[in-house]
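Trainee: Any chance you could fold what I've pasted below:
(chains A and B, ligands or ions: 1)
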Amino acid sequence: MNITLFVPCYIDACYPKVGQSVVEILERLGHTIDCPREITCCGQPSFNSGYWDETREVAVKVLDRLKDAEVVVIISGSCGAMVKNFYPELFKGRPEEAAALALSEKVYEFSDFLVTKLGVTDLGARFPHKVTFHDGCHGRRELGIKAQPRALMAQVKGLELIEMEEAETCCGFGGTFSAKFPSVSSAMGEGKIASALETEAEYIVSNDSSCLMHQQGLIDRQNKPIKTIHLAEVLNHR
Amino acid sequence: MSTTPAAAEFKKEAAVITRDLRHRAVIRGALKKYEVVRDDKKARFQNWQQARYLASDIKWDAVNHLDTYLAEFAKNLEARGGKVHWASDAAQAREIILGIVKEKNAKAIVKSKVMTGEEIHINEALEEAGYEVVESDLGEYICQLRKEAPYHFVFPAMHLTRGEISQTFTKELGSAPTNSPEELTMIARRVLREKYIKADIGISGANFAIAETGMISITENEGNARLTCALPKTHIALMGIEKLLPKLSDLALFLPMLGTAGCGQLLTGYNTMYGGPKQPGEADGPEEFHVVLLDNRRTDLLASSEQRDALQCMRCGACLNVCPIYKNIGGHTYGTTYQGPIGSVITPHLRNLQEFKHLVFCSSLCGACTEACPVKIDLHHHLLQSRRDAIAEKAVWWERLTFKACAVIFNHAWVFSLGEKLGRIGQIFHPLIKNTPLDPARAWTASRELPKVAPQTFREWWSHRK
Ligand code: SF4
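Mentor: Got it, this is the predicted structure:
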């Protein structure tokens, strides 16, 4: 399959290993990967802040640049939800609506793509650690992703998954919300990390780097004894 | 964000209460218990998700044909001697109620829980006119003694521990300190029973109004609403116009849903229908029965094709109970009658979008509310739409400029890469200003570490690899 990879802006800048892991995993499965240089961001920050005109300026380019793709894989539930669910909303009643709907059809979040589209769960990975999983809200509630990452983790040798009580509770990132209401956002994150710590896991794993960025930021500031890692890195570990 | 006084107050209070670890523990403890019983009762539905679809369909029909159902309700109620009053706003509703109270020459008024009463500030109006009003719902009564607004529209005193309630009773009622919930209930009950007997007016709300029969349905656990509605000579029920259900049989679905979502009970302790004053030959009941139907800008919300479903709300509070914002900032910080996600959705419509837009922005859009809502109101997406509307009405100049600049950056890969390079240089010097007033990222760095731009970005890796 010819897969077009959408690497979100913050993964490109701060978490390149996540993108590299996805490329390596998909190539090992025999697929051809393309990462169009011109695709940088889905426009979610301005969208969630209410600036839909500015968002459309970014989104029309994304629509155009992905129009010929066979299938698009996005390494984030949040950006995935933006393109899959909110682009059609953003362009409702506009000339680009058809293109937005067409793109929506062929966009997958990474773990969903592996399990639902490719039907693969065993990637031959080994990760001998105790982990707990954070369900990113957009992946979980906008895209309905819950079983997919767990099916993948179940096949990782040595990995022990201990579910935390607050697995589905928001970690408080919420994009620009985290800067507009830092005290609320941080309190939410503290609750999340406290729940993760209760499991005594070594890692918080998630399929969304943006949530992990927030959690890691708090963990570092408060010196909490836990680390964060993206699911793709776990799946690429041998 | 341009800041209104309401927004400034909200932010200030939020900053304090989010650091209050005691508050955090009390709310979490209370809601943990709720979650367990709620899930247990949800599991007893044959299919909770199907039930949600059905409930949403029934309410959607009711909301979209409100004119017909309201007329049917009024006709049926009046046929049994009930009086129906139409109040287009809070002032008119207060006038109507005060008018009845004056006409009856009332001495004492007892009230069961009525959120619309908070909405129109009826207690203040009655007290100002010289009447004594007593809340008969235990939680509301505690709040009244403490001169506090309800913390939660289903559990008004959820933020208080038994010790604090006991202290309040000792201070206000002179009772001996106790830690037993039964004793605390008995203390309140003794005082309240006296009030019921003296009261000549009872004011209640309504959980549902049935068009087919012209009756209102009230759900409660303490039996206080029954006394409020049945003992005094005059009963006034105040309710929003959206409370309508078409048929009596709809309650077969809505009563268990409200009990389950609201407090984890398959059915609440008392579910009563009130259909008018005492009929000829009946031994009990009020001599007069008034229903005040309140619009107070609900019709504005009805006019919004996008957010009209918010009128389906039955005020079960389930969205508050799962909301991580509510759990962290608590009910009082909102400064509104209706707290939590539904409050953030409807307050901008019922009051003013610009004044309350901070509520629509104070959300991570996690969607836990929408997932919990038994009548499937698209709560978190409505917050998103209201953000769009707030900005379309009145953008913040520097935000618009920033997002315009971002659009240029994101649309030109080379500018984006340049930005990353600058970020890499910037982060060398950032520690010098980190978390100081000079730090442009201070909103983040005050409580969190920033991620680092990697020595080699993904795109750099990709182009080297090819
Ligand atoms: S919005 Fe839904 S969950 Fe929230 S109070 Fe209303 S009915 Fe209950």
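Trainee: contacts, neighbours, all on C-alpha from now
Mentor: Will do.
Trainee: neighbours of residue A:194, just the number please.
Mentor: Residue A:194 has 14 neighbouring residues, counting by other C-alpha atoms under 10 Å in any protein chain shown.
Trainee: Look up how far residue A:160 lies from it.
Mentor: Relative to residue A:160, residue A:194 is positioned 19 Å away (C-alpha to C-alpha, to the nearest Å).
Trainee: what's the answer for residue B:54, then?
Mentor: 41 Å.
Trainee: Ok, residue B:301 next?
Mentor: Residue B:301 sits 50 Å away from residue A:160, going by C-alpha to C-alpha.
Trainee: Next: residue A:150.
Mentor: Residue A:150 is 11 Å from residue A:160, by C-alpha to C-alpha.
Trainee: repeat for residue B:352
Mentor: Distance from residue B:352 to residue A:160, counting by C-alpha to C-alpha: 51 Å.
Trainee: what's downstream of the lowest-mean-pLDDT helix or strand in chain B, the next helix or strand?
Mentor: Least confident helix or strand, chain B: helix B:413-433 with a mean of 85, by mean pLDDT, DSSP states H and E. The element immediately downstream of helix B:413-433 (helix or strand, assigned by DSSP states H and E) is helix B:442-445.
Trainee: Any stretches of the chain with poor pLDDT?
Mentor: Unless you meant another one, I'm taking chain A. Applying pLDDT under 70 to chain A flags no residue at all.
Trainee: my question was about chain B
Mentor: Residue ranges of chain B with pLDDT under 70: B:1-2.
Trainee: Excluding chain neighbours, what is closest to the residue nearest in space to the middle of it?
Mentor: Taking C-alpha atoms, centre = their mean as the criterion, residue B:338 is the residue nearest the geometric centre of chain B, at 3.3 Å. Leaving out its chain neighbours, the residue that sits closest to residue B:338 by C-alpha to C-alpha, 6 or more residues apart in numbering or on different chains is residue B:153, at 6.7 Å.
Trainee: Equivalent analysis for residue B:26, please.
Mentor: Leaving aside its sequence neighbours, residue B:26 sits nearest to residue B:159 (C-alpha to C-alpha, 6+ apart; 6.6 Å).
Trainee: The one you found should be in a helix, yeah?
Mentor: No - applying DSSP: H, G, I helix; E, B strand; the rest coil, one finds residue B:159 to be coil, outside a helix.
Trainee: What is the burial count for it?
Mentor: Other residues within reach of residue B:159, judged by other C-alpha under 10 Å, total 20.
Trainee: residues touching it, list them.
Mentor: By C-alpha atoms under 8 Å, 6 or more residues apart in numbering or on different chains, the residues touching residue B:159 are B:23, B:26-27, B:151.
Trainee: And it, how far from residue B:299?
Mentor: Residue B:159 is 33 Å from residue B:299, by C-alpha to C-alpha.
Trainee: about what we covered before: hang on, isn't the residue nearest to the centre of chain B packed against residue B:347?
Mentor: Yes - if you go by C-alpha atoms under 8 Å, residue B:338 and residue B:347 touch, sitting 7.5 Å apart.
Trainee: OK, contacts around the residue of the stretch 351-466 of chain B at minimum distance from the ligand?
Mentor: Here the stretch 351-466 of chain B gets closest to the ligand at one residue, residue B:373, 3.5 Å apart by C-alpha to the nearest ligand atom. With contacts defined as C-alpha under 8 Å, 6+ apart, residue B:373 is in contact with B:261, B:318-319.
Trainee: from the contacts of residue B:159, which single one is nearest the ligand?
Mentor: residue B:151 (13.9 Å).
Trainee: Ramachandran coordinates for that closest one?
Mentor: Dihedral angles phi and psi of residue B:151 (degrees, to the nearest 10) take the values phi -80, psi -20.
Trainee: Repeat that for residue B:135.
Mentor: phi -80, psi 130.
Trainee: Show me what it is bridged to.
Mentor: Note on residue B:135: beta-bridge partners by DSSP bridges are residue B:111.
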